[in-house]
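Participant: give me coordinates for this.
(one chain, ligands or ions: 1)
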Amino acid sequence: MPDTAHTEPKTYSPSADIAARAHINAESYQKLYDASIRDPDAFWREQAKRLDWITPFTRVVDASFDPGNVHIRWFEDGEMNVAANCIDRHVATRGDQAAIIFEPDDPADGAQTITYRQLLDKVSRMANVLLDLGVKPGDRVVIYLPMIPEAAYAMLACARIGAVHSVVFAGFSPDALANRINNSEAKVLITADTAPRGGRRTALKSNADAALLHCADDVRCLVVKHTGDQTTWVEGRDLDLRTLMEAASPDCPPRAMNAEDPLFILYTSGSTGQPKGVVHTSAGYLLFAAMTHQNTFDYHDGDVFWCTADVGWVTGHSYIVYGPLANGATTVMFEGVPTWPGADRFWEVCERLKVNQFYTAPTAIRALMGQGNEPVEKHDLSSLRVLGTVGEPINPEAWEWYHKVVGKGKLPIVDTWWQTETGGHMLTPLPGAHVLKPGAALKPTFGVQPVVLDPQTGQELAGNDIEGVLAFKGSWPGQMRTIWGDHERFEKTYFADFPGYYFSGDGCRRDKDGDYWVTGRVDDVINVSGHRMGTAEVESALVAHVAVAEAAVVGYPHEIKGQGIYCYITLMNGADPSDDLVKELRQWVRNEIGPIATPDIIQWAPGLPKTRSGKIMRRILRKIAENQTDSLGDISTLADPSVVEDLIQNRKG
Ligand code: WTA
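Facilitator: Numbering: from 1, shown residues only. Next up, the predicted model:
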């Protein structure tokens with residue numbers, strides 16, 4: 001968590017050379033921002049020229065956040081194709097330029113360049129394979145792949161034929177995968193034999209096999225033989241994707257899609273229940289990803305852009321694939337991990353590929369900071385111009401290290417605040433425009449209107465030097481449109497608590513200069529290594545174990561991960577609270593959800609603090625996990641206040 005205490009933060013002004021070269025400087029930011037709010041229609045009409053349209057739109061936006069009638073439509077009578085915007089239109093002018101540079105897990109295998117022309121060939125072939133399988137516009141395709149070029153081909157192949165993709169992070173378990181295939185009613189699953197990461201291999205295909213046992217019989221499975229590792233093979237269901245692509249025609253005209261046709265579903269954790277299928281549509285999403293990619297990173301033609309995220313998360317969607325490719329950029333796809341084969345992997349790749357913009361997560365920065373400066377300093381990082389972070393608040397120490405050691409005290413850091421739901425950057429400094437403050441996401445992007453609300457009254461807090469919850473007034477083109485199959489839940493989750501606004505779920509401060517500082521979630525979502533984790537999901541995994549009667553999960557401060565997962569568990573009568581059971585439960589959650597959900601701490605709780613109406617008081621559990629037991633607040637409303645004493649006595653960590 002950043003120190004958002006009201007002390008004077010250090011500030012860093014943009015250097016003259018960066019500002020001089022930047023697309024946006026302080027003056028043009030203010031001018032454009034004001035214009036984007038004063039007349040959104042005119043602003044977005046102009047921005048929409050970033051895309052190639054098949055049928056021009058006449059209406060810019062029709063959106064309402066009114067309870068009972070929430071709808072969001074942008075450019076709704078326009079037609080275009082996302083893949084054509086990311087590939088075809090660039091082939092004429094930059095066919096031989098690298099679109100993707102694939103950096104494999106093992107550097108000894110060597111980086112591989114895919115030009116725009118080659119990208120067109122691969123994507124068209126894969127699109128034809130999908131068409132041959134009977135995939136129709138609007139059908140869902142689940143993608144469960146390592147960070148290999150086929151992941152991007154698959155997303156773009158879907159976009160080309162109007163199918164809706166849903167990428168599932170390769171670290172998710174078979175159960176989590178099956179859930180997503182079933183919830184989206186997918187027709188096809190695209191996976192690979194195994195996924196190498198940090199020299200180890202995840203058995204993706206066998207996970208897929210396990211998942212498909214719980215899915216409809218007619219789901220087909222396309223398999224990329226990536227490592228050549230042995231896998232089982234179900235005749236009639238499993239197909240070798242590379243072989244089919246070789247045989248397929250390289251000619252597949254992009255289909256004209258309506259601006260509001262769904263492009264993808266991406267599942268993300270909420271504070272309650274099952275993960276939500278966040279739905280993004282075509283034109284507005286792509287436009288917002290492209291605009292923010294160019295402005296936030298000050299991307300110029302010919303630059304090499306590297307976002308280290310995984311395509312299983314929204315960051316990989318918007319800033320590895322869609323934003324960069326819409327801008328005709330060269331985007332790096334990295335299969336590996338930051339610390340393998342050595343702690344200098346990121347910096348070695350930056351030097352070798354001459355990366356210009358580098359975008360990663362605070363958790364990676366903190367982990368690398370722990371390895372000292374030598375791994376950074378032994379590489380020539382002079383190609384770098386902009387550094388970025390995303391996923392969680394960055395603590396000022398990590399920010400300073402990133403700036404001083406990686407950025408040599410000169411490079412701007414863009415601390416980008418956004419969400420799966422927002423499609424692209426909402427709050428961020430721009431490299432040539434803003435005075436930076438370590439830990440602050442600072443300013444809204446164009447067309448975006450942040451407000452800070454009083455959490456009790458829901459009133460907008462006016463003026464500066466105020467703190468509350470972060471919400472947004474009015475729509476922006478990258479906004480999610482609905483939750484797949486559950487529009488009511490969409491309204492309830494984002495628009496019910498504070499009618500008339502989109503509510504982010506984050507807390508926020510606007511400082512005396514009017515700059516924004518995001519302080520973290522205010523709901524039961526925790527942020528583990530920049531990954532969103534619903535505590536309810538971990539709890540329901542835990543209670544599915546025979547030995548567990550009840551479980552309550554909260555976050556606690558963790559040096560590297562930002563937040564760790566702290567579980568209070570009440571066992572069934574007769575279950576043995578042994579160390580073996582701790583191990584077993586950790587493994588159990590890994591199997592149920594995936595390694596990212598592995599509990600860090602398990603504490604046996606003979607009882608949980610509950611109100612007389614039976615509601616668990618998480619506030620108290622959070623305080624105990626954070627070791628702030630002297631500020632528990634009022635516990636007199638508890639049904640049995642004595643349980644608190646036991647929990648404090650036996651606190652772990
Ligand atoms: C958090 C990731 C502070 C926040 C793009 C948000 C951040 C959640 C930042 C969304 C940041 C993301 N500063 N907090 N720069 N970026 N967050 O959907 O709590 O995986 O609500 O999207 O991450 O996570 P998601």
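Participant: distance of the closest residue to residue 394 other than its chain neighbours from residue 511?
Facilitator: In space, and not counting its chain neighbours, residue 394 is closest to residue 362: 4.2 Å by Cβ to Cβ, 6 or more residues apart in numbering. Backbone N, C-alpha and C define where each C-beta goes, glycine included. Distance, residue 362 to residue 511, by Cβ to Cβ, to the nearest Å: 20 Å.
Participant: within range of the ligand, give me the residues from the stretch 201-350 of the chain.
Facilitator: Taking Cβ under 6 Å from any ligand atom, the part of the stretch 201-350 of the chain that reaches the ligand is made up of 268, 313-315.
Participant: so which of those wins on neighbours?
Facilitator: In terms of neighbours by other Cβ atoms under 10 Å, those top out with residue 314 at 26 neighbours.
Participant: for that one, list the residues it contacts.
Facilitator: Residue 314 makes contacts with 266, 268, 278, 419-420, 423, as judged by Cβ atoms under 8 Å, 6 or more residues apart in numbering.
Participant: in strands only, show me those.
Facilitator: 266, 268, 278 (DSSP state E).
Participant: which of those sits closest to the ligand?
Facilitator: Distance to the ligand, by Cβ to the nearest ligand atom, is smallest for residue 268 among the ones in strands among the contacts of residue 314, at 5.3 Å.
Participant: picking that back up, from the residues of the stretch 201-350 of the chain next to the ligand, which land in helices?
Facilitator: Within these, residues falling in helices by DSSP state H are 314-315.
Participant: dump the residue contacts of the closest residue to residue 643 other than its chain neighbours.
Facilitator: Leaving aside its chain neighbours, residue 643 sits nearest to residue 607 (3.8 Å; criterion: Cβ to Cβ, 6+ apart). Counting by Cβ under 8 Å, 6+ apart, residue 607 makes contact with 570, 640, 643, 646.
Participant: tell me which element the nearest residue to the first one once chain neighbours are set aside falls in.
Facilitator: Spelled out, it's residue 570. Distance criterion Cβ to Cβ, 6+ apart; nearest residue to residue 570, sequence neighbours excluded, is residue 550 at 4.2 Å. Taking DSSP states H and E as the criterion, residue 550 maps to strand 548-558.
Participant: residue 271: which element?
Facilitator: Residue 271 is part of no helix or strand when elements are defined by DSSP H and E.
Participant: doesn't residue 494 make contact with it?
Facilitator: No - using Cβ atoms under 8 Å, residue 271 makes no contact with residue 494, being 11.7 Å away.
Participant: who's more crowded, those two?
Facilitator: Taking neighbours as other Cβ under 10 Å, residue 271 and residue 494 compare with residue 494 leading, 24 against 16.
Participant: am I right that the more buried one is in a helix?
Facilitator: Yes - counting by DSSP: H, G, I helix; E, B strand; the rest coil, residue 494 is located in a helix.
Participant: that one contacts residue 502, correct?
Facilitator: Yes - between residue 494 and residue 502 there is a contact under Cβ under 8 Å: 5.5 Å.
Participant: pLDDT score for residue 2?
Facilitator: Looking at residue 2, its pLDDT reads 46.
Participant: can you get me a residue count around the closest residue to the ligand within the stretch 301-450 of the chain?
Facilitator: Residue nearest to the ligand within the stretch 301-450 of the chain: residue 420 (3.4 Å; Cβ to the nearest ligand atom). Using other Cβ under 10 Å, residue 420 has 19 other residues around it.
Participant: thought residue 278 was touching it, still the case?
Facilitator: Yes - look at residue 420 against residue 278 with Cβ under 8 Å: they come within range, at 5.1 Å.
Participant: common neighbours of the two, please.
Facilitator: Shared contacts of residue 420 and residue 278 (Cβ under 8 Å, 6+ apart): 266, 268, 314, 480.
Participant: lowest-confidence member of those residues, which is it?
Facilitator: residue 268 (95).
Participant: which non-adjacent residue is nearest residue 53?
Facilitator: That would be residue 80: by Cβ to Cβ, 6+ apart, it lies 5.0 Å from residue 53.
Participant: same thing with residue 309?
Facilitator: Residue 309's closest residue in space is residue 315 (Cβ to Cβ, 6+ apart), at 3.7 Å.
Participant: try residue 471
Facilitator: With Cβ to Cβ, 6+ apart, the residue lying closest to residue 471 is residue 501, at 3.9 Å.
Participant: contact partners for that neighbour?
Facilitator: By Cβ under 8 Å, 6+ apart, the contact list for residue 501 reads 65, 451, 453, 471-473, 495.
Participant: top of those by neighbour count?
Facilitator: residue 471 (25 neighbours).
Participant: let me know the helix or strand that it is in.
Facilitator: Going by DSSP H and E, residue 471 is part of strand 466-473.
Participant: what helices and strands are in contact with that strand?
Facilitator: strand 449-453, strand 502-510, strand 516-521 (3 or more Cβ pairs under 8 Å, 6 or more residues apart in numbering; DSSP states H and E).
Participant: of these, flag the one that's most buried.
Facilitator: strand 502-510 (a mean of 22; mean count of other Cβ atoms under 10 Å).
Participant: quick one: strands adjacent to that one?
Facilitator: Within its sheet, strand 502-510 is paired with strand 466-473 (antiparallel), strand 516-521 (antiparallel), according to DSSP bridges.
Participant: in the stretch 551-653 of the chain, what spans have low per-residue confidence?
Facilitator: When residues are selected by pLDDT under 70, none of them lie in the stretch 551-653 of the chain.
Participant: run the last query once more with 90
Facilitator: Scanning the stretch 551-653 of the chain with the threshold set as pLDDT under 90 gives 611-619, 629-642, 653.
Participant: so where do the helices sit in it?
Facilitator: 579-592, 618-625, 642-649 (DSSP state H, counting those that start in this stretch).
Participant: which one of those lies closest to residue 123?
Facilitator: Nearest to residue 123 among these is helix 579-592 (34.4 Å), distances taken as Cβ to Cβ.
Participant: now that closest one: how far from the chain's centre is it?
Facilitator: Remark: helix 579-592 is offset 27 Å from the chain centroid, using Cα atoms, centre = their mean, to the nearest Å.
Participant: how about it: buried residues?
Facilitator: 581-582, 585-586, 588-590, 592 (16 or more other Cβ atoms under 10 Å).
Participant: any residues touching that helix, and which ones?
Facilitator: By Cβ under 8 Å, 6+ apart, helix 579-592 touches 173, 175-176, 538, 541-542, 544-545, 547-548, 567, 569, 571, 575, 597-599, 602.
Participant: just the buried subset of the residues you listed, written out for ChimeraX, thanks.
Facilitator: Buried members of these, defined by 16+ other Cβ under 10 Å, are picked up in ChimeraX with:
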select :173,175,176,538,541,542,545,547,548,567,569,571,575,597,598,599,602
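Participant: the ligand contacts on the chain?
Facilitator: So far as Cβ under 6 Å from any ligand atom goes, the chain lies against the ligand at 268, 313-315, 390-393, 415-420, 441, 504-506, 518, 520-521, 527, 532.
Participant: give me that answer again for 8 Å
Facilitator: Within the chain, the residues that sit near the ligand (Cβ under 8 Å from any ligand atom) are 268, 313-315, 362, 389-394, 415-422, 427-428, 441, 504-506, 518-521, 525, 527, 530-532.
Participant: output the shared contacts of residue 420 and residue 278 as JSON lines; include the columns distance to residue 40.
Facilitator: Output for the shared contacts of residue 420 and residue 278, formatted as JSON lines (distance: Cβ to Cβ, whole Å):
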{"residue": "266", "distance to residue 40": "26"}
{"residue": "268", "distance to residue 40": "27"}
{"residue": "314", "distance to residue 40": "23"}
{"residue": "480", "distance to residue 40": "18"}
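Participant: let me see the contact set for residue 506.
Facilitator: Here residue 506 is in contact with 417, 469-470, 518-522 (criterion: Cβ under 8 Å, 6+ apart).
Participant: what residue in the stretch 451-600 of the chain comes nearest to the ligand?
Facilitator: residue 518 (4.0 Å).
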